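Asks: build me a model from this:
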Amino acid sequence: MNNKELALIYVWDAYCGWCYGFSKSLKAFHENHPELPLTVLSGGLFVGHKKLPIASFSHIPEANKRISQLTGAEFGTPYQTLLEEGTFVMDSEAAAKGFSALRFFAPERAYLLASSIQRAFYYEGKSLSDPATYREIAIANNLDPEAVLAQFQDVASTKDAHADFAKVQQLGVQSYPTLLLQKGDEFIGLGGGVMTTEKIEARLENILL
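Replies: Numbers count the residues shown, from 1 in each chain. Below is the predicted model:
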């Protein structure tokens with residue numbers, strides 16, 4: 001099998017702290033393998049009855065400490081303030097819509113846009129339901145901010161977000177972050193959690209042997 005039949009699928013959620021921690025490893029791995037196309041899918045972690053104030057998830061502060069210790073990810077002061085106040089509602093559908101709107105204009109930069117979204121929340125403490133957040137991300141990534149906002153508010157972004165959630169369910173992925181290698185009709189787990197770039201590389205090598 002040649003590399004043309006291989007591709008990467010990354011399943012994440014904008015409000016997943018472990019995805020934020022995994023981003024450095026994935027960025028380095030992705031840069032090492034420009035020959036492997038990468039599709040980024042939103043998982044839909046906090047939707048429906050799980051769309052609750054951040055204080056409802058009492059494990060988050062401790063998880064964040066572990067994420068920092070294991071990955072070196074930095075959680076910014078504005079985010080820590082949100083966490084302490086406890087009333088902020090994490091809405092993964094709104095975040096997936098925002099990601100869809102950005103991805104629409106730069107699909108080849110989907111992973112970098114996902115990273116920008118996570119930094120906006122986990123470092124800058126910005127709401128991923130607020131159109132102004134996507135305006136700033138669009139400007140920082142040289143995209144037309146008005147076009148991105150129009151796309152965010154269009155029903156097409158909601159449909160696209162739901163299509164991502166459905167694909168993730170079809171793949172049977174239930175934890176985030178999950179990096180899959182698509183090899184023909186097979187989907188093979190390649191990495192996630194706190195895996196280093198070196199460990200992902202080793203796993204890829206084993207699969208391709």
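
Asks: could you use CA atoms for every contact and neighbour count after this?
Replies: OK.

Asks: would you mind measuring from the residue nearest to P131 when sequence neighbours are not counted to K159?
Replies: Counting by CA to CA, 6 or more residues apart in numbering, L149 is the residue found nearest to P131 once chain neighbours are left out, at 6.4 Å. Here the criterion is CA to CA, to the nearest Å. By it, L149 lies 16 Å from K159.

Asks: for the protein, what spans make up the helices?
Replies: With helices called from DSSP state H, the chain shows them at 17-32, 60-71, 77-85, 92-105, 110-122, 131-140, 145-153, 155-171, 197-208.

Asks: which one of those helices is the most hemmed in?
Replies: Among those, helix 92-105 has the highest mean neighbour count (mean count of other CA atoms under 10 Å), at a mean of 25.

Asks: now for that helix, which elements pack on it?
Replies: Counting contacts by 3 or more CA pairs under 8 Å, 6 or more residues apart in numbering; DSSP states H and E, the secondary-structure elements packed against helix 92-105 are helix 110-122, helix 131-140, helix 145-153, helix 155-171.

Asks: okay, those in a markdown table with mean pLDDT next?
Replies: As requested, these are arranged in a markdown table below (pLDDT from 0 to 100):
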| stretch | mean pLDDT |
| --- | --- |
| helix 110-122 | 97 |
| helix 131-140 | 98 |
| helix 145-153 | 98 |
| helix 155-171 | 97 |
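
Asks: so which of the ones you listed comes closest to C16?
Replies: Counting by CA to CA, C16 lies closest to helix 110-122 out of the helices and strands packed on helix 92-105; the figure is 8.6 Å.

Asks: CA atoms only for the closest one, dumped as CSV, please.
Replies: Below are the C-alpha coordinates for helix 110-122, written out as CSV (Å, rounded to 0.1, in the frame of the first residue of the first chain):
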residue,chain,number,x,y,z
ALA,A,110,-8.2,23.2,9.7
TYR,A,111,-5.9,21.9,12.4
LEU,A,112,-4.2,25.3,12.9
LEU,A,113,-7.7,26.9,13.2
ALA,A,114,-8.7,24.3,15.8
SER,A,115,-5.6,25.3,17.8
SER,A,116,-6.5,29.0,17.5
ILE,A,117,-10.0,28.2,18.9
GLN,A,118,-8.6,26.3,21.8
ARG,A,119,-6.1,29.0,22.6
ALA,A,120,-8.9,31.6,22.6
PHE,A,121,-10.7,29.6,25.3
TYR,A,122,-8.0,28.0,27.4
